[in-house]
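>>> generate a structure from the sequence data that follows.
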Amino acid sequence: MRLPDSFRWTLFGWVKRTFDILLSLYLLPVLIILGVGLLVLNPFFNRGSLLFVQPRMGRDCRAFRAYKFRTMVASNVKRGPNDPLERHRITRLGGFLRRTRLDELPQILNVLKGDMSLIGPRPDYYDHAVAFLDTIQGYRERHMVRPGISGLAQTEIGYVEGTEATKRKVQADLFYITNTGFALEAWIFWRTLLTVFGRAGA
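Numbering: from 1, shown residues only. Now for the predicted structure:
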């Protein structure tokens, strides 16, 4: 699969990256205020570190450190690529952060660093991604572009677990890569806003 021209340094490529940087800078004060608020609330409702840092697979299948607000009780047990999410570990405050997608807000730092885009294929945990490279057709190709905080798979399919569900996610990601442009980017951005405000998606 060849990288579509829209993702090269065309007008779309420049506008997309510029929008990523400007909106991320605009959201930085929100991130700081929310972070300070969580530092106050966490000792009561979500004990532990403020941030959860995890290796994810990014563009060209390279590992990077993705940032999130921590939403779960810490555990030393590693979850396999086909293991279900340990929902019992999600704290009450963490559940709110997940429902509103505010737990993803620290990833604007990844956007500013160039690891991620605001919109693109959602990055998977690196060890799981390595396993999927050889078992899911098209999985390697979804890493031809920067991963995103939100993406077509997230707004139209929602959260997925396991190999079979990941295959559906990959098809949505490949559709995005092949057909992206200003219209599709705007559609995903709008659908993301609806998801954040609890009206659509998962």
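>>> which of the helices or strands spans residue 56?
If you go by DSSP states H and E, residue 56 is part of strand 51-57.
>>> give me the contact list for that strand.
Applying Cβ atoms under 8 Å, 6 or more residues apart in numbering, the contact partners of strand 51-57 are 63-72, 106, 123-127, 129-130, 143, 147. C-beta coordinates here come from the backbone N, C-alpha and C atoms, glycine included.
>>> from the chain's centre, how far out does it sit?
11 Å (Cα atoms, centre = their mean, to the nearest Å).
>>> direction included, what does the next helix or strand after it pair against?
Beyond strand 51-57 on the C-terminal side, the first helix or strand identified by DSSP H and E is strand 63-69. Applying DSSP bridges to the sheet, strand 63-69 is found paired with strand 51-57 (antiparallel).
>>> identify each buried residue in the strand it pairs with, please.
Within strand 51-57, the residues scored as buried using 16 or more other Cβ atoms under 10 Å are 52, 56-57.
>>> what do you get for stretch 113-130?
115-126, 128-129.
>>> how far away from the center of its chain is the top helix by length along the chain?
If you go by DSSP state H, the chain has its longest helix at helix 11-45. With Cα atoms, centre = their mean as the basis, helix 11-45 stands 14 Å off its chain's centre.
>>> same check, this time on stretch 90-100
The answer for stretch 90-100 is 16 Å, by Cα atoms, centre = their mean.
>>> quick one, helices of the chain?
11-45, 92-100, 108-113, 126-133, 152-156, 162-179, 182-196.
>>> now mean pLDDT and distance to residue 85 too, for those, in CSV please.
Output for the helices of the chain, formatted as CSV (pLDDT from 0 to 100; distance: least, Cβ to Cβ, whole Å):
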stretch, mean pLDDT, distance to residue 85
helix 11-45, 96, 20
helix 92-100, 91, 10
helix 108-113, 98, 22
helix 126-133, 95, 12
helix 152-156, 92, 15
helix 162-179, 94, 10
helix 182-196, 92, 18
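>>> if we ignore the residues flanking it in sequence, what's nearest the residue positioned nearest the centre of the chain?
Of all residues in the chain, the one closest to the mean position by Cα atoms, centre = their mean is residue 149, 3.6 Å from it. The shortest distance from residue 149 to any non-neighbouring residue, by Cβ to Cβ, 6 or more residues apart in numbering, is to residue 107 (5.0 Å).
>>> you'd agree the one you found is up against residue 65?
No. Using Cβ atoms under 8 Å, residue 107 is not in contact with residue 65; the gap is 10.6 Å.
>>> between these two, which has more neighbouring residues?
Taking other Cβ atoms under 10 Å, residue 107 and residue 65 do not tie; residue 107 has more neighbours (25 against 14).
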